Every structure is written in structure tokens, then in C-alpha cells.
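Engineer: Pasting the sequence and the predicted coordinates here, then a few questions.
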Amino acid sequence: MPDLPPGLFIGLISGTSADGIDAALVRFGPDARCELLAGSTHAWPDALRARLVEIGQGAKVDSLDEIATLDVQVGEAFAGAALRLLAEAGVAAGDITAIGSHGQTVRHRPAGAAYDGQHPFTWQIGDGHVIAERTGIATVSDFRRRDVAAGGHGAPLLPALHNALLRSPDEDRAVLNLGGIANLTLLPAASDGDVRGFDTGPANCLLDAWCLRHTGRAFDAGGVFAASGQIDETLLARLLDEPWFDAPAPKSTGREQFHLDWVQPRLGGDERVADVQATLLELSACTIADALLASQPTTQRVLACGGGVHNPRLLERIGARLPGVQVESTAAHGIDPDRMEAMGFAWLARQTLAGLPGNLPSVSGACGPRVLGVVHPASARPG
């Protein structure tokens, strides 16, 4: 087996919500320990974020020139986030082994979701060449497409890290990532049990979009807006009558599936806006809980990470639908819930440099383990 390189790595990601670029500075030891040294979130320029959200929801791209320009702009923004993190941490670029960059997803059409059913793809922009040039650090990017080419969904990619950090021989666990989209990693206590994982549907994407439209705020801080409304059971039933929820794993989705244009035709037209927010939150809680109960009913503990951990109303409703299951933040196990995903892409970059697989076929549905990503060597001097 190739040796895993020890040292310092940076992980970068902007998720489905595109609410910021998360950066994590991670140290890997020779014993495979993964230590978070520093982390931060960097805001997108407003106009760039707005356009990325539009495209992510299916808006047409004006031209090849536009998408190519966005690719470079996103790369520059990611490079800036890495350099700011290093400055804040007091670490020199030359001390970093590599950056692992997820990029920004602009379209996700995996197996079963492609327009023609024959050419599945996933596309994350944020040119790795630009990141390597601007930082002077070797950069690994474009992690998802190899798994899709191998018949997988290219998502979720972090269950291998969850397995390394959070599996317990004493109880069946699930790791729940609450980003724009929710995904589960199933970690059975049995040592011979397969790790499984899949997207369950919306977590924050619909909540954020409805909140922005009706309050002008980018997200529902503390779940206060949702808590001010009542669950509309009739609307909830219409929302749940979506074939995607019943599709078997492996499965993945994104903002191009779940956005306000998906919600609008399911509205009766006379709902109170706060009641819609409460119902959208219940949709997230319901689909997460139902998916977990159907796939690993013996789960004893759910470890939550991602932005949704800061919405106590969402965690409360998930817990209410999972009686007897402990629902808690990964912080209770020493892992910052806001940095888990960025740490994961540092881990994936390390796997790539070692020539080791980064995917789990039991999760993604790929035909086998694959080394993921494209390596962009360090430049002699940052450009």
C-alpha cells in the first residue's frame, strides 16, 4: 500500500447553498490522525454568488465565455480563501503539502438524473490551475467526475472520512450533513458492516430561499421564522409526493432539483408565509428521519454537521421523528461541525497524492474504488 503523506493540507469547499467558501487547515500524522488546526469561512462577492445560485438552480448560461470566466473567478475566490486562512493561522504557503478543492457545483446530473439518461455528469467549477498558480501550492480538484464516469453518483464523498473518524464498535451510528442538501452516512457497529451513504433531499436550500424571498435574510437564524409558523399537513403531503424521495440508494441531488420553482406549483396560494417555512423545515426533518429509519432502523446516535446544526428547530424536529435516537452535533465528539466538509477535501487530496481511492462504491454506486481528482502541481512562484 502506498504511504500516506503526513503534513499540512488545506481543504476548500462551497456547498449547495453557496453561502461562503469554507477553508480548513488540517494536520495529518503518520498514525492517520486528522487534526484541525484552523478554519474559516470567506464570503463570496455578492454578484458572483447571485449568479452561481441562479445557474445552480437551472438558469441558462449566456455563453461559453461566461462559464469559462466564472470558472476562473471561482478559482480566484478559492485561492483567496486559502491565502487568507494561511495568513490568519500564521503558516507559510511553502509548509502546505497540497490543497484539496471541491469547487462550486453548477450542475449535477448523475446516473438516473441526466437529461437523456445516457450521459450522466457532474460539474464543479473553480479552476485548479488558477488555485495552484495564485497560491504556489499543489492543488487537487475535480474530485467527483471520476466516480460518475465509473457509474457512480459522485456523491456523497465524505462517508470514508466519517468512517475513519466517527465509527464506533459499540453502537450503530449515522452522520448527518445538513448543508443545502442533507446526506446520511450509515456506520454500523459491526466491523464487517458496509458503510453506506446517500442524499435524502433538502436540508437548508428551500428554507434559505423562502426566508430570503419573504424576509430579505439569507437564512432563518436559529429557526425563529419556522418556529413562528404552523406545519401545513396538506402542503407537506404535496411536497412529499415527489418520486425522488422514494428512489432507492445510491442517489444524490442538488439545487437544480429542489428550489422554489419546485415548491411553487405545490402551494395552494393562501398559505401564511411563516407556515410555509415551518412546513419546509418539516419536509427536511421528515425525509431525513424516514430515510434513516428505512435504511438503518437500529441507529442509536445521529452526529450532525453542516450549517443546519445551528438551527435548533430543525434538530428538534429531526429528533422528534427519531424517538430513542440521540441527535447531537459532531462537536460532542471533538469535530467542528462547520469544518467537517472542508476537512474532508483535505483528506481526499491526501488520498489522491498517495494513489489511494477516495470513493466508496457501497455509497456512490461506482463499479469500483477509484483514485479521485486531478493534480495541479505547485508553481515555482505564485502568479
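Structural biologist: Nice, thanks for sending it over.

Engineer: host element of the residue located most distally from the centre of the chain?
Structural biologist: When each C-alpha in the chain is compared with the mean C-alpha position (CA atoms, centre = their mean), residue 270 comes out farthest, at 33.8 Å. Under the assignment given by DSSP states H and E, residue 270 is not contained in any helix or strand.

Engineer: okay, it: pLDDT?
Structural biologist: Per-residue confidence (pLDDT) for residue 270: 94.

Engineer: go on, residue 17?
Structural biologist: 74.

Engineer: Wait, it touches residue 208, no?
Structural biologist: Yes: the criterion here is CB atoms under 8 Å, and residue 17 meets it with residue 208 at 5.9 Å. (Each C-beta comes from the backbone N, C-alpha and C, glycine too.)

Engineer: Find residues that contact each of these two.
Structural biologist: Counting by CB atoms under 8 Å, 6 or more residues apart in numbering, the residues touching both residue 17 and residue 208 are residue 180.

Engineer: Who does the residue nearest to residue 339 when sequence neighbours are not counted form a beta bridge with?
Structural biologist: Of all residues not flanking residue 339 in the chain, residue 39 sits nearest, at 4.1 Å (CB to CB, 6 or more residues apart in numbering). Residues in a beta bridge with residue 39, per DSSP bridges, are residue 24.

Engineer: residues touching residue 39, list them.
Structural biologist: 22-25, 85, 336, 338-339, 342.

Engineer: okay if I get these as a markdown table plus distance to residue 75 and neighbour count?
Structural biologist: Output for those, formatted as a markdown table (distance: CB to CB, whole Å; neighbours: other CB atoms under 10 Å):
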| residue | distance to residue 75 | neighbour count |
| --- | --- | --- |
| 22 | 16 | 27 |
| 23 | 14 | 30 |
| 24 | 18 | 28 |
| 25 | 19 | 26 |
| 85 | 16 | 24 |
| 336 | 25 | 15 |
| 338 | 23 | 21 |
| 339 | 21 | 24 |
| 342 | 16 | 31 |
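
Engineer: which among these gets closest to residue 229?
Structural biologist: residue 338 (26.7 Å; CB to CB).

Engineer: Does that closest one touch residue 308 like I think?
Structural biologist: No: using CB under 8 Å, residue 338 is not in contact with residue 308, being 10.7 Å away.

Engineer: rewinding a little: got the phi and psi for the residue farthest from the centre of the chain?
Structural biologist: Main-chain torsions, residue 270, degrees, to the nearest 10: phi -120, psi 10.

Engineer: Can you pull up the most central residue in this structure?
Structural biologist: Central residue of the chain (CA atoms, centre = their mean): residue 15, at 5.1 Å.

Engineer: Report the secondary structure state of that residue.
Structural biologist: Following DSSP: H, G, I helix; E, B strand; the rest coil, we place residue 15 in the coil state.

Engineer: So for the nearest residue to it once chain neighbours are set aside, what's the pLDDT?
Structural biologist: Setting aside the residues directly before and after it, residue 15 is nearest to residue 179 in space (CB to CB, 6+ apart), at 4.3 Å. For residue 179, the model assigns a pLDDT of 93.
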